[in-house]
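> Compute the structure for the input listed below.
(one chain, ligands or ions: 2)
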Amino acid sequence: MSAVLAISGVQRTFTQAGRPLEILRGVSLSLNAGEMVGLLGPSGSGKSTLLHIAGLLEHPNAGEVEINGRASASLSSHERTLIRRNEIGFVYQFHHLLGEFTALENVMMPMRIAGLSKEKAITRAKELLNNVGLTERETHLPSQLSGGEQQRVAIARAMANKPKIILADEPTGNLDEATAERVMKALLKTIRGEGTAALIATHNREVAASLDRCVGLHDGKLKPIK
Ligand code: ADP
Ligand code: MG
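Ligands and ions are numbered 1, 2, ... in the order given. So this is what the prediction gives:
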């Protein structure tokens, strides 16, 4: 099976207080189509940094990221943007919904930017919102939604352009336990339903246990977790 995401030999060093801080020291990871992988590791271990690099939001100091078999390092920033827009879906700890647009419009937005017709975008956005249980909230603004509902809209939006890969950075880290559980269920159900691969940074052991496999980030290195 071919990898939808292949990270190889990735290194990332930040400078803090004038001194180099090696956060990723040769990280390699492959995700096959539809595979769901948990990314564990203590706060500050570099999970977000790795997700940013995997999502072509940041460049590593060394190493390569291939998305659907295509090496990214030498691509122009426009080409990287197109890959991000069409092949990757992001879910963050904070939803980053556009406050002046309704739930439906927020989910439609990536499809309209990608050139899909209004009718098709509406149909798919309604289907995605229905999948996360928000049919009754289509016309609500983000400010009129609860934290868990906002996050479910963000999940629907991440799926809009049928990405092959979802990158989720502690997607329920900002929610109370019961809400987090409901949102995570919606996320996993949506990912499985769409057949998308996912790399999910999480502190939640139960969530981690429900994924296909997990890797742990420690001292800049990635190790499989049983
Ligand atoms: P995690 O998501 O696992 O909590 P992060 O990837 O956010 O970890 O951060 C890992 C380390 O890298 C932290 O020590 C953080 O302070 C540092 N770091 C992250 N981004 C930057 C940056 N842009 N400049 C300097 N240091 C950074
Ligand atoms: Mg983080």
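
> ok, the closest residue to ligand 2 within the chain - contacts?
The nearest approach of the chain to ligand 2 comes at residue 48, 3.2 Å away (C-beta to the ion). C-beta coordinates here come from the backbone N, C-alpha and C atoms, glycine included. By C-beta atoms under 8 Å, 6 or more residues apart in numbering, the contact list for residue 48 reads 169, 201.

> The spatially closest residue to residue 53 that is not a sequence neighbour: neighbouring residues, count only.
Nearest residue to residue 53, sequence neighbours excluded (C-beta to C-beta, 6 or more residues apart in numbering): residue 60, at 5.1 Å. Neighbourhood size, residue 60 [other C-beta atoms under 10 Å]: 23.

> swap in residue 65?
Neighbours around residue 65, by other C-beta under 10 Å: 23.

> Show me the beta-bridge partners of it.
residue 7 (DSSP bridges).

> Which helix or which strand is home to residue 97?
Using DSSP states H and E, residue 97 maps to neither a helix nor a strand.

> Who are the contact partners of it?
Applying C-beta under 8 Å, 6+ apart, the residues near residue 97 are 103, 106, 142, 150, 153-154, 157.

> Could I get the pLDDT score of it?
On the pLDDT scale, residue 97 is placed at 96.

> separation between the residue nearest the centre of the chain and residue 48?
Geometric centre of the chain, nearest residue: residue 167, 2.0 Å, by C-alpha atoms, centre = their mean. Distance from residue 167 to residue 48, counting by C-beta to C-beta, to the nearest Å: 10 Å.

> Just the CA atoms of the lowest-mean-pLDDT helix or strand in the chain, as PDB, please.
Ranking every helix and strand in the chain by mean pLDDT, DSSP states H and E puts helix 205-209 at the bottom, with a mean of 87. Provided in PDB are the C-alpha atoms of helix 205-209 (Å, rounded to 0.1, in the frame of the first residue of the first chain):
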ATOM      1  CA  ARG A 205      -5.100   7.300  26.400                       C
ATOM      2  CA  GLU A 206      -8.600   6.000  25.600                       C
ATOM      3  CA  VAL A 207      -8.600   7.900  22.300                       C
ATOM      4  CA  ALA A 208      -5.200   6.600  21.600                       C
ATOM      5  CA  ALA A 209      -6.300   3.000  22.300                       C
END
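
> So which elements touch it?
For helix 205-209, the elements it packs on are strand 36-40, judged by 3 or more C-beta pairs under 8 Å, 6 or more residues apart in numbering; DSSP states H and E.

> Neighbours of residue 102, how many?
With other C-beta under 10 Å as criterion, residue 102 counts 20.

> wait, what's in contact with the closest residue to residue 103 other than its chain neighbours?
Once flanking residues are discounted, residue 103 sits nearest to residue 153: 4.7 Å by C-beta to C-beta, 6+ apart. Counting by C-beta under 8 Å, 6+ apart, residue 153 touches 95, 97, 103, 106-107, 129, 132, 134, 137, 142, 145.
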